[in-house]
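> Show me the folded form of this:
(4 chains)
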Number of protein chains: 2
Amino acid sequence: MTATEEGSALSEPTSEEACDRLAGAIERGALATLFGECTVAYDGRAASELGPGKRHVMCKPDGTVLVHTDEGQKPINWQPPGSDQSVRIEDGRLVLHSQRSNPDEELVVRFTNIDQLAVFETGETSTSLSVTGTEAEMKQRILEEPELIEPGFRPLATERTTPAGAVDIFGEDGKGRVVILELKRRRVGPDAVGQLNRYVEALERDLHAGVEIRGVLVAPSITDRVRRLLATNGLEFVALAP
Amino acid sequence: MTATEEGSALSEPTSEEACDRLAGAIERGALATLFGECTVAYDGRAASELGPGKRHVMCKPDGTVLVHTDEGQKPINWQPPGSDQSVRIEDGRLVLHSQRSNPDEELVVRFTNIDQLAVFETGETSTSLSVTGTEAEMKQRILEEPELIEPGFRPLATERTTPAGAVDIFGEDGKGRVVILELKRRRVGPDAVGQLNRYVEALERDLHAGVEIRGVLVAPSITDRVRRLLATNGLEFVALAP
DNA sequence: GCCTAGGTCCCGTCG
DNA sequence: CGACGGGGCCTAGGC
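Predicted coordinates:
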């Protein structure tokens, strides 16, 4: 039985047909997808084995490989952009091999059956995504309306560096005390307290002379544990949604 | 011009053909993919607009929707598992609408041209993924060979809870001092120090009576800044790869 | 359902 | 390049 071609899709191709087509697509910088029964092996930062099953495999022109099952938002296996793909026939079966370095990682997809191979031309990669509702927008709003934090607050710098890292917003309050703001666009967990605390302690050490530094977490809301953690560390919270 | 059908793929279908097929596939719990020129609008936790361009859209039976461009490992837009999809024709064009609640989010994909619509049967979702090289394995190794940390170290509990959260491994050293281990499977940044520090301080407060508690970060390697942060906080580092 | 932390996180940005 | 922190993070595990 020979494969039928329609547009740029092959239905039930032989391993050889699929191999040629896939290799050509990768070479040309096209986007290729396969659907069929396969096993997947990964070795790199971790290692994994995936037994036989029907999966959807996507090879992007930028070197990305994604293996999706019928569920989950994340691919069950993948290879990052910049990986090198090669295809070959082993024991009459199509094998897709992907490799990259730094870190060294490889992904091997072995097909026992190919339901479909499709090749797509993506053309120019022009239009861009515009997003709103980010932490950067929160920052902008606070810089324009510092009283959102409290009356008398004056921002002096953003991304000010400390030995522990960069502070989102650095400023002073109405009494001239140093104030550090850590911004979070969503309800925060304990990690943000650790972050804020690191900055405050680093700045206290850096400015020495027992300067009192106020650390303020700015977020839509916080969990109970975070409230307690803030209290025991002498830190504050200001509710502000992006 | 009418669509040509091959296997379960339609090449250059009309909007109506695509609409029927896609709706049927979603209804049946099949996996469907579309490739074509489209715009994408998202509104929910954030908001975004994506202008016209060729993209690959995948609808999974679990309610996931993924919109991929020709580059990047992550979809440029998506909807998480559990979302509800509906398709309709608007001004003669196919529109895929996806909605979910908690949080309320919607994704709208408007096609101006459909190169291909494919429907795949995934069948039983049996075989599972086995992974090695995880943090859990690190933990197991340390429990079996505590001397990997240091001679005399004795693990007493895993996931022991503190007011600041659960500690990876809780134990004591040869001199009977409490030791807290924070495990990381890869080279760590400053966040891990904040985490370990939170646990140590919380336990010191909890056990009170000025007990000295050793906090040890266990990871393959650390950055310079982390080394300094550990030092200033009186914490330690043990090199161990997963 | 919320909270917490891991992840082959990915990703952009800046040194 | 590495390092650092955000993300519509996603996902698994507790409670």
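
> and the helix or strand hosting A:Arg21, what other elements does it pack with?
Element membership for A:Arg21, per DSSP states H and E: helix A:15-28. Secondary-structure packing of helix A:15-28 (3 or more Cβ pairs under 8 Å, 6 or more residues apart in numbering or on different chains; DSSP states H and E): strand A:9-11, strand A:31-43, strand A:47-59, strand A:84-90, strand A:93-100, strand A:105-120. Every C-beta, even on glycine, is put in place using the N, C-alpha and C of the backbone.

> Measure how the fifth one sits relative to strand A:47-59, angle-wise.
Meaning strand A:93-100. Calculated by axes from the mean of the first three to the mean of the last three Cα atoms, to 10 degrees, strand A:93-100 forms an angle of 100 degrees with strand A:47-59.

> List the buried residues in strand A:93-100.
By neighbour count on 16 or more other Cβ atoms under 10 Å in any protein chain shown, the buried set for strand A:93-100 is A:93-98, A:100.

> Work out the gap between it and the centre of the chain.
On the basis of Cα atoms, centre = their mean, to the nearest Å, strand A:93-100 sits 24 Å off its chain's mean C-alpha point.

> what does it contact?
Among residues not part of strand A:93-100, those counted as contacts by Cβ atoms under 8 Å, 6 or more residues apart in numbering or on different chains are A:15, A:18-19, A:22, A:34, A:57, A:59, A:63, A:65, A:79-80, A:82-89, A:105-112, A:114.

> Quick check on these: which are buried?
Using 16+ other Cβ under 10 Å, the buried ones in the contacts of strand A:93-100 are A:15, A:18-19, A:22, A:34, A:57, A:59, A:63, A:65, A:79-80, A:83, A:85, A:87, A:105-111, A:114.

> Do the helix or strand that A:Tyr199 is a member of and chain B come into contact?
For A:Tyr199, the host element (DSSP H and E) is helix A:190-207. Yes - contact of helix A:190-207 with chain B (Cβ under 8 Å from any Cβ of the partner chain) involves A:190-191, A:193-195, A:197-198, A:201, A:205.

> For that helix, name the packing helices and strands.
For helix A:190-207, the packing partners by 3+ Cβ pairs under 8 Å, 6+ apart are strand A:154-162, strand A:165-172, strand A:178-183, strand A:213-219, helix A:224-232, helix B:190-207, helix B:224-232.

> Could you tell me which residues within stretch A:119-134 count as buried?
Those buried within stretch A:119-134 under the rule 16+ other Cβ under 10 Å are A:119-120, A:122, A:133.

> just checking: which of those residues also lie near chain B?
A:120, A:122, A:133.

> Out of those, flag the one nearest to DNA strand D.
Closest to DNA strand D out of those is A:Gly133 (6.5 Å), distances taken as Cβ to the nearest atom of the strand.

> Quick check: the closest residue to A:Glu182 other than its chain neighbours vs B:Thr14, distance?
In this structure, A:Glu182 finds its nearest non-sequential neighbour in A:Leu196, 4.3 Å apart by Cβ to Cβ, 6 or more residues apart in numbering or on different chains. In this view, A:Leu196 and B:Thr14 are 57 Å apart by Cβ to Cβ, to the nearest Å.

> show me the contacts for A:Leu66.
With Cβ under 8 Å, 6+ apart, A:Leu66 has these contacts: A:57-58, A:60, A:75, A:78, B:68, B:73.

> name the element it belongs to?
Per DSSP H and E: strand A:65-68 holds A:Leu66.

> Which one of A:Leu196 and B:Thr14 is surrounded by more residues?
A:Leu196 (28 against 16; other Cβ atoms under 10 Å in any protein chain shown).

> can you confirm A:Lys74 is in a strand?
No - applying DSSP: H, G, I helix; E, B strand; the rest coil, one finds A:Lys74 to be coil, outside a strand.

> For DNA strand D, see how far away it is.
4 Å (Cβ to the nearest atom of the strand, to the nearest Å).

> State the number of residues packed around that residue.
13.

> confidence score at it?
Note on A:Lys74: pLDDT of 98.

> any idea how far it lies from B:Pro52?
Taken as Cβ to Cβ, the span from A:Lys74 to B:Pro52 is 27 Å.

> now do A:Glu135
In terms of Cβ to Cβ, A:Glu135 sits 29 Å off from B:Pro52.

> what's A:Pro103 in contact with, if anything?
A:44-45.

> Identify the residue spatially nearest to A:Asp62, adjacent ones excluded.
B:Glu71 (4.1 Å).

> residue in chain A nearest to DNA strand C?
A:Arg225 (2.9 Å).

> Not counting residues beside it along the chain, what's closest to that residue?
With Cβ to Cβ, 6+ apart, the residue lying closest to A:Arg225 is A:Pro190, at 6.0 Å.

> Hmm, the one you found is touching B:Gly165, no?
Yes - between A:Pro190 and B:Gly165 there is a contact under Cβ atoms under 8 Å: 6.0 Å.

> shared neighbours of those two, which are they?
By Cβ under 8 Å, 6+ apart, the residues touching both A:Pro190 and B:Gly165 are A:225, B:195, B:198.

> what's the pLDDT at the residue nearest to A:Glu182?
At A:Leu196, the pLDDT recorded in the model is 97.

> Now do the contacts for it.
A:180, A:182, A:215-217, A:235.

> Please report how far the residue lying closest to A:Glu204 once chain neighbours are set aside lies from B:Lys139.
Closest residue in space to A:Glu204, ignoring its immediate chain neighbours: A:Ile213 at 5.4 Å, by Cβ to Cβ, 6+ apart. For A:Ile213, the distance to B:Lys139 equals 37 Å [Cβ to Cβ].

> can you check A:Ser130 too?
43 Å.

> same deal with A:Lys60?
36 Å.

> who's more crowded, the two?
Neighbours were tallied for A:Lys60 and for B:Lys139 using other Cβ under 10 Å; the higher tally belongs to A:Lys60 (26 against 19).

> how about the more buried one, what does it touch?
With Cβ under 8 Å, 6+ apart, A:Lys60 has these contacts: A:31, A:66, A:81, B:68, B:70-72.
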